[in-house]
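S.K.: dropping the sequence and predicted coords here.
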Amino acid sequence: MQESLFSVPPVKNEPVLSYISGSPEREKLIEALKCAKGYEADIPMIINGKEVRTDEKIMMNPPHERDHVLGYYHRGNESHVEDAINAALMAKKQWASVSWKQRASIFLKAAAMIAGPYRARINAATMLAQSKSAHQAEIDSACELADFLRFNVRYMTEIYTEQPNSDEINWNRLEQRELEGFVFALTPFNFTAIAGNLPSAPALMGNTVVWKPSNSQVYSAAIIMDIFMEAGLPEGVINLVFVSGPVAGKVIFSHPDFAGIHFTGSTGVFQNIWKEVGNNIHKYKSYPRIVGETGGKNFVLVHESSNPREVATALTRGAFEYQGQKCSAASRAYIPSNLWDQIWNDVKSDMDSIKMGSVEDLSNFVNAVIDEASFDKLEMFINNAKKDKNAKIIHGGNCDKSKGFFIEPTIILTKDPHYITMEEELFGPVLTIYVYDPKDFDEVIDLVDTTSIYALTGSIFSKDRYIIEKVLKRLNHAAGNFYINDKPTGAVVNMQPFGGARGSGTNDKAGSKLNLLRWVSPRTIKECLLPPKNYRYPFLEK
Ligand code: NAD
C-alpha cells in the first residue's frame, strides 16, 4: 500500500450570485422553477441506499400557493426507523474504516455539484417548498451548504493533524475514532443548509446516520440526498426517513446503539429530547453526544450615539428577511427616545416599499410563513396585541391565508419591556420595539440580558467605543453571536461560527471545528520505543 500525507484542496466561501435581471443565474433559476412546477414529485425514503415507498402519501404545497401541488412524499412508521438504524449499523464498519480521503472526496464532490450543476434546482426547491426569495435561497441552499461541506473537510484534517507531544523514547499519538453506534440527525424546516449539514458532519467523521428532516423541508431534503448518492455516498451511511418526530424518537432514544443526536429546532422539542435521553441513559452502550441549536429572541440594542439610517436598515433586514423565520432574526429592539422619530421614519419608509407575495416574483422581499400552524400562532399574537393596552401595532397586522400563509410584516410598539412578544420566540415577521429614556441606558442593558430565556444573537449599535466595550462585557452571556453595528442575522461558515447558549442550545458552533469534535471519540496511544527492563528507580539506590 502506498501512503502519503495528503492536503485537501484550498477552501473559500462560495460567492453569492446576484440574480440581477438578465444574469445567467436568473435565467437558470426561472427555468428550474418552471421545471419543478411542471410535474408532481414522488419522494421515497432512502434506507440502505434503496428507495422505500409506503401507502401513506403526503401532499406538499408551496406555503405561498396552497392550491399548487409540488408532489407527494412517502410517510413511514416505526418499522422504517428500525430499518434505518439497522442499515446504519450494518454500513458502519466499512464506512468507519475507509480512509478519510474517500469520505472527504464524496462531500467535496457534493459541494461542487451544489455550487455548479445542481445550484438552480436546489435553490428552486427551497424557494418553492420553504417560501424563500431567490436571494435567501441562494445564501442558504447553494452557498451555505457548499461552505459547510467544504470547510468541514478542512476542519476534519485539522482535527486529525493535532497531535500530543512526544519525546525520544515515547511516541504519543491521538486517533479520532467515530462514535460507537449510530447518530440521529433531526433537522428544522428553515435552512436547507442546516438540513444537509446535520447528517453530513457526523458522516464525514466516520459515523453512520439516521436523518429525519422536517415535514416542511422534505422536498429539498430529497435533492440533498440525491446529490450525496450521486457523489458516491455508500448505502446505509445516511438513511433518510419521513416519520413524525415522536415516532422517530420512540425507536431511536430507546436503542442501545444510539450514540448521539445532531439537532436544530425549537427549544421545547430539544428539552423533551434531552429528558428522554436522560430517562433512557441506562440502556445505552455509551453516553450519547447531545448537540442542539435551538430558539432565539434576538435583540438590537441601540445607543443614542448610533446612526439612525444604519439602525433602520438592520431592523428591516434583520427582522423581516425570510419572514423572520431565521433563528437569528431580530425580534426585539431597544431604541432611545431621542432617536426614535428618525429611526421610525426610515423604518416606515422601508416598510412602505416592501412587497409581499410569491417567490416567483423576484421583486417580493417577503413571502409566506411556513405552514398553517405557524400562521395561526402568529395571527393569534397579532390579534392579542391589537387588543392589549400595553401594545400598539404601528405597522402591518394583516394576515391572510386564503391563497398562501401571508403575514404582513408587523411592528409592535410596547411600553412594557416584558410584553409577551418581547420575551417569546414567535418565529415570524413580527418585531417588537421598546423605546427608552437615554439616561436609563445602563438599566436597559440589564433588561436585554434578563428578558428572555434565550441567548442566540444580538446587536449593539453605537459609535462610542466605551459604550461598545461596556455592552460587550455586560452582555457577555446574552448572545453566542454578537454583532457590532450590524443586523444579528447572516452568519457565514468559517467567518461567524454559529450558535447560542442558555435556552438557545449547546453552542457547539456549526461551521467550525468545535462541532466536528462532538462526532469523534479520541483514543490516545502511547508507544514506548525503549521499554524499561528493571522496576527499580535510581532513587531507590543507596
Ligand atoms: P421544530 O422543533 O418544530 O422541529 C425540528 C425537528 O424536530 C423537525 O424535524 C421536527 O419534525 C422534529 N420534531 C418536532 N417535534 C418533535 C418531537 N416531539 N420529537 C422528536 N422530534 C420532533 O423546529 P422547526 O419549526 O423546524 O424550526 C424552527 C425552530 O428552529 C425555531 O425555534 C428556530 O429558532 C430553531 N432554529 C435554530 C437554529 C440555531 O442554529 N440555533 C437554526 C435554525 C432554526
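M.R.: In hand now; what should we look at?
S.K.: wait, what's in contact with the residue in the stretch 101-250 of the chain that the ligand sits nearest to?
M.R.: At 2.1 Å from the ligand, residue 245 is the closest residue in the stretch 101-250 of the chain, using CB to the nearest ligand atom. No exception for glycine: its C-beta is placed from N, CA and C like everyone else's. Counting by CB atoms under 8 Å, 6 or more residues apart in numbering, residue 245 makes contact with 186, 212, 269.
S.K.: hmm, 7 Å instead?
M.R.: residue 269 (CB atoms under 7 Å, 6 or more residues apart in numbering).
S.K.: for residue 429, same thing?
M.R.: So, once contact is read as CB under 7 Å, 6+ apart, residue 429 ends up touching 320, 323-324, 366, 407, 409-410.
S.K.: do the same with residue 424
M.R.: By CB under 7 Å, 6+ apart, the contact set of residue 424 is empty.
S.K.: quick one, phi/psi of it?
M.R.: Taking degrees, to the nearest 10, you get phi -90, psi 140 for the backbone angles of residue 424.
S.K.: from the ligand, how far out is it?
M.R.: If you measure residue 424 against the ligand using CB to the nearest ligand atom, to the nearest Å, the figure is 11 Å.
S.K.: so what pLDDT did that residue get?
M.R.: You'll see residue 424 listed with a pLDDT of 97.
S.K.: likewise for residue 5?
M.R.: 88.
S.K.: give me the beta-bridge partners of residue 238?
M.R.: residue 209 (DSSP bridges).
S.K.: just give the closest residue to residue 281, not the sequence neighbours.
M.R.: residue 287 (7.4 Å; CB to CB, 6 or more residues apart in numbering).
S.K.: report the secondary structure state of that neighbour.
M.R.: Following DSSP: H, G, I helix; E, B strand; the rest coil, residue 287 is assigned to coil.
S.K.: middle-most residue in this structure, spatially?
M.R.: Centroid-nearest residue in the chain, with CA atoms, centre = their mean: residue 194, separated by 4.1 Å.
S.K.: can you name the residues of this structure that neighbour the ligand?
M.R.: 186-191, 194, 212-214, 245-246, 249, 264-266, 269, 272, 293-296, 327, 425, 427, 456, 498-499, 504-505 (CB under 6 Å from any ligand atom).
S.K.: buried stuff in stretch 83-102?
M.R.: 83-89, 91-92, 95-96, 100 (16 or more other CB atoms under 10 Å).
S.K.: which two among these are spaced furthest apart?
M.R.: Spatially, the most separated pair among the buried residues of stretch 83-102 is 83 and 100, at 28.0 Å (CB to CB).
S.K.: before we move on, the earlier item: what number of residues lie near the residue nearest to residue 281?
M.R.: 10 (other CB atoms under 10 Å).
S.K.: got the residue ranges for the helices in the stretch 401-542 of the chain?
M.R.: 420-423, 441-450, 465-474, 513-517 (DSSP state H, counting those that start in this stretch).
S.K.: helix or strand for residue 292, which one?
M.R.: Per DSSP states H and E, residue 292 falls inside strand 289-293.
S.K.: mind checking the pLDDT average for that strand?
M.R.: 98.
S.K.: using PDB, list the CA coordinates for the helix or strand hosting residue 262.
M.R.: Secondary structure assignment for residue 262, by DSSP H and E: strand 258-264. Extracted as PDB, the C-alpha positions of strand 258-264 are listed here (Å, rounded to 0.1, in the frame of the first residue of the first chain):
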ATOM      1  CA  PHE A 258     -27.900   5.400  20.000                       C
ATOM      2  CA  ALA A 259     -24.600   7.400  20.000                       C
ATOM      3  CA  GLY A 260     -25.700  11.000  19.600                       C
ATOM      4  CA  ILE A 261     -28.200  13.500  18.300                       C
ATOM      5  CA  HIS A 262     -27.400  16.400  16.000                       C
ATOM      6  CA  PHE A 263     -30.500  18.600  16.300                       C
ATOM      7  CA  THR A 264     -31.600  22.000  15.200                       C
END
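S.K.: isn't residue 240 right up against residue 224?
M.R.: No. Look at residue 240 against residue 224 with CB atoms under 7 Å: they stay out of range, at 8.7 Å.
S.K.: so between the two, which is more surrounded?
M.R.: Using other CB under 10 Å as the criterion, residue 240 and residue 224 rank with residue 224 on top: 29 against 26.
S.K.: and that one, which of the three is it?
M.R.: With three-state DSSP as the criterion, residue 224 reads helix.
S.K.: and the pLDDT at it?
M.R.: pLDDT, read off for residue 224, is 98.
S.K.: the closest residue in space to it that isn't next to it in sequence: neighbour count?
M.R.: Leaving aside its sequence neighbours, residue 224 sits nearest to residue 196 (CB to CB, 6+ apart; 4.5 Å). Per other CB under 10 Å, the neighbour tally for residue 196 reads 33.
S.K.: what helix or strand is residue 196 located in?
M.R.: Applying DSSP H and E, one finds residue 196 within helix 192-204.
S.K.: helices or strands up against that helix?
M.R.: The helices and strands touching helix 192-204, judged by 3 or more CB pairs under 7 Å, 6 or more residues apart in numbering; DSSP states H and E, are helix 100-115, helix 145-161, strand 182-186, strand 209-212, helix 218-230, strand 258-264.
S.K.: which parts of the strand holding residue 262 are buried?
M.R.: 258-264.
S.K.: that strand vs helix 192-204, what angle?
M.R.: Using axes from the mean of the first three to the mean of the last three CA atoms, to 10 degrees, the inter-axis angle of strand 258-264 relative to helix 192-204 is 160 degrees.
S.K.: which of the buried residues of strand 258-264 lies closest to the ligand?
M.R.: Distance to the ligand, by CB to the nearest ligand atom, is smallest for residue 264 among those, at 4.6 Å.
S.K.: find me the pLDDT at the closest one, would you?
M.R.: For residue 264, pLDDT reads 98.
S.K.: repeat for residue 1
M.R.: Confidence score, pLDDT, at residue 1: 65.
S.K.: shouldn't residue 16 be in contact with residue 143?
M.R.: Yes. If you go by CB under 7 Å, residue 16 and residue 143 touch, sitting 5.4 Å apart.
S.K.: who's more crowded, the two?
M.R.: residue 143 (23 against 13).
S.K.: now for that one: which residues touch it?
M.R.: Counted by CB under 7 Å, 6+ apart, residue 143 has contacts 14, 16.
S.K.: what strands line up against the strand holding residue 262, and which way round?
M.R.: strand 182-186 (parallel), strand 289-293 (parallel).
S.K.: got the contact list for that strand?
M.R.: Residues contacting strand 258-264 (CB under 7 Å, 6+ apart): 179-188, 194, 198, 201-202, 252, 270, 273, 284, 286, 288-293.
S.K.: mark which of these are buried, thanks.
M.R.: 179, 181-188, 194, 198, 201-202, 252, 270, 273, 284, 288-293.
S.K.: now the strands: where do they sit in the stretch 401-542 of the chain?
M.R.: 406-407, 410-414, 430-436, 454-455, 457-461, 481-484, 501-502, 520-528 (DSSP state E, counting those that start in this stretch).
S.K.: from the ligand, how far off is residue 64?
M.R.: 17 Å.
S.K.: kindly report the same for residue 417.
M.R.: As for residue 417, its distance to the ligand is 21 Å (criterion: CB to the nearest ligand atom).
S.K.: what about that residue, how many neighbours?
M.R.: Neighbours of residue 417 (other CB under 10 Å): 19.
S.K.: ok, now residue 285?
M.R.: 12.
S.K.: how about the contacts made by it?
M.R.: By CB under 7 Å, 6+ apart, the neighbours of residue 285 are 180-181, 256-257.
S.K.: before we move on, back to that, any idea how far the strand holding residue 292 is from the chain center?
M.R.: Chain-centre distance of strand 289-293: 12 Å, with CA atoms, centre = their mean, to the nearest Å.
S.K.: same question for stretch 193-202.
M.R.: For stretch 193-202 - counting by CA atoms, centre = their mean - the centre lies 9 Å from the chain centre.
S.K.: just checking, residue 201 touches residue 513?
M.R.: No. Residue 201 is beyond contact range of residue 513, at 10.9 Å (criterion: CB under 7 Å).
S.K.: perfect, I'm done here.
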